[in-house]
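Student: this one's structure only:
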């Protein structure tokens with residue numbers, strides 16, 4: 001009798017869960033209005049005092065790729081793009097963050113970016129924002145040595161933040 005009750009309970013639970021479906025998802029991007037169909041990413045100038053010659057191009061191209069890969073929007077180079085994204089690298093400098101025995105042990109690269117977003121169909125959605133990212137590196141490396149490993153990380157983080165500022169609900 002006990003086996004029969006266990007079997008019956010098992011069948012009831014199985015059929016209950018079989019008939020149910022569960023959906024779990026993250027909502028990290030707000031719905032893009034249907035009338036928004038195109039975007040343009042203008043070349044991001046480097047206006048910082050020190051210029052990393054690869055940074056502007058990488059930021060520009062990586063943001064285009066992220067938008068293409070994560071939204072339904074089509075890229076255009078026309079002036080009438082529904083979302084017009086521009087900006088510039090505003091800061092690029094190093095500073096010392098750790099000192100031991102009167103010697104620098106850790107340096108920090110700081111990259112600042114000024115974002116300008118225009119929604120050509122709804123000017124109330126336009127905004128400007130400043131973004132800053134820091135990456136630490138060993139003081140025994142020169143900036144040019146550290147840039148080869150730091151630049152990809154900085155670019156990814158800045159692109160993610162730009163994307164989130166434009167497309168997220170947060």
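Tutor: That came in fine, so what should we check first? Note that the coordinates shown come from a computational prediction; the quantities given were computed from them, not determined experimentally.

Student: not counting its neighbours along the chain, what's nearest residue 62?
Tutor: residue 159 (4.7 Å; Cβ to Cβ, 6 or more residues apart in numbering). In short, each C-beta sits where N, CA and C put it, glycine included.

Student: which element is residue 153 on?
Tutor: In the assignment (DSSP states H and E), residue 153 maps to helix 143-167.

Student: which residues does that helix contact?
Tutor: 28-30, 32, 52, 54-55, 58-59, 62-63, 66-67, 70-71, 83, 85, 87, 94, 107, 109, 111, 113, 115, 117, 127, 129, 131, 133, 135, 137-138, 170 (Cβ atoms under 8 Å, 6 or more residues apart in numbering).

Student: filter these down to just the ones in strands.
Tutor: Among those, the ones falling in strands (DSSP state E) are 83, 85, 87, 94, 107, 109, 111, 113, 115, 117, 127, 129, 131, 133, 135, 137-138.

Student: run a quick neighbour tally on residue 139.
Tutor: Residues lying near residue 139 (other Cβ atoms under 10 Å) number 19.

Student: just residue 83 next, same as before
Tutor: Neighbours of residue 83 under the rule other Cβ under 10 Å: 23.

Student: ok, the nearest residue to it once chain neighbours are set aside - contacts?
Tutor: Nearest residue to residue 83, sequence neighbours excluded (Cβ to Cβ, 6+ apart): residue 39, at 4.1 Å. Each residue near residue 39 by Cβ under 8 Å, 6+ apart is listed here: 67, 71, 73-76, 81-85.
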